[in-house]
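Engineer: Build me a model from this:
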Amino acid sequence: MLKFHFLLAVAASLFLGCLPFDNPDDEYVEHVQKCGDITFDPEIQKCENSVLLIKCGDNWYNPNIDYCVDSIVKDKNELFESSELSGYKELIDERDGKAYNYVEIGTQTWMAENMRFETPNTKCYDDNEKNCELFGKMYTWNTAITVCPVGWHLPSEREWRALLSFVEKSSGCSNCAGTKLKANSTLWVPGRSGTDDFGFAALPGGYYRPNYLFLRIAEEANFWSATEGSVPGSVHFIYFGSLESLSVDGLYKDDSWVYVRCIKD
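Structural biologist: From the prediction side, this is the model:
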């Protein structure tokens, strides 16, 4: 009887060895696919002509040229439209081939987009690359003073103030520069978008500080100046939020990440 049970066990093991085995890793491999060199999840992404598309509501969009707001696909160029601006000029950063719109405002020439130059010390809001595509990259001040392309530089507080002064004088208003320079975009929370009369297109990318993490996306646009503050280690920055634009002495070089707008030399 013992020999019979032994032979039965051997036969059963041989039979089971011929059955397919459901390996969860095999299911994962089948689930994940490749689009060029990029691994993607076909449940929320798809690949067309080696271009990765992302789901937005019932539609698909290319994050290189579009963005998604409230399940609606929008053209990124809409971020830079202005009712009074006839058109932008384009700069190609020779270091990485990225293109930037720029615009003349008074006697100054400003980039109409935030810098996206990659360095070892950059951040995207919420560590999400999509936010870098929309708002640009955030930098510490020590990095910010180095990231503008040749022929451009990080603006001083004086240059920022000259921009704000020109906007208000040419618009015939006071304390209105923030509204005139903020983008007319649904990326701002209701009640905080601007008229973007000069094509500056300030967007509300928020900021990052290690003690407070990521804050104020959709509510504030913050930009470094090149001017150091009155307190050792502090720097002046420009703030666009619920109030009109303000120059503030209060961010610190080494523990704050905000955005960079370059001005032409």
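Engineer: Do a quick rundown of the strands in the stretch 51-200 of the chain.
Structural biologist: 51-56, 59-61, 66-69, 72-75, 89-92, 99-105, 108-111, 122-123, 138-139, 152-153 (DSSP state E, counting those that start in this stretch).
Engineer: can you pull out the helices in this protein?
Structural biologist: Assigned by DSSP state H, the chain shows helices spanning 2-18, 24-31, 129-135, 141-144, 157-171, 177-181.
Engineer: buried residues in the third one?
Structural biologist: For helix 129-135, a neighbour-count test (16 or more other CB atoms under 10 Å) marks Asn131, Cys132, Glu133, Leu134, Phe135 as buried. For every residue, glycine as well, the C-beta is placed using N, CA and C.
Engineer: Lowest average confidence across the strands of the stretch 51-200 of the chain, which one?
Structural biologist: If you rank the strands of the stretch 51-200 of the chain by mean pLDDT, strand 66-69 sits at the bottom with a mean of 59.
Engineer: care to break the chain down by domain?
Structural biologist: Using automatic domain parsing, the domains assigned to the chain come out as 24-62, 79-264.
Engineer: TSV for the strands of the stretch 51-200 of the chain, including mean neighbour count?
Structural biologist: Below are the strands of the stretch 51-200 of the chain laid out as TSV (neighbours: other CB atoms under 10 Å):
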stretch	mean neighbour count
strand 51-56	17
strand 59-61	16
strand 66-69	18
strand 72-75	14
strand 89-92	13
strand 99-105	18
strand 108-111	20
strand 122-123	18
strand 138-139	26
strand 152-153	18
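Engineer: To Leu213, which of those strands lies closest?
Structural biologist: Closest of the strands of the stretch 51-200 of the chain to Leu213 is strand 122-123, at 10.7 Å (criterion: CB to CB).
Engineer: can you give me how far the closest one is from the chain middle?
Structural biologist: Centroid displacement of strand 122-123 relative to its chain, using CA atoms, centre = their mean, to the nearest Å, is 10 Å.
Engineer: Partner strands of it, with direction?
Structural biologist: Strand 122-123 pairs in its sheet with strand 138-139 (antiparallel), by DSSP bridges.
Engineer: Show me what the partner strand is in contact with.
Structural biologist: Contacts to strand 138-139, defined as CB atoms under 8 Å, 6 or more residues apart in numbering, come from residues 115, 119, 121-125, 147, 205, 207-208, 224, 257-260.
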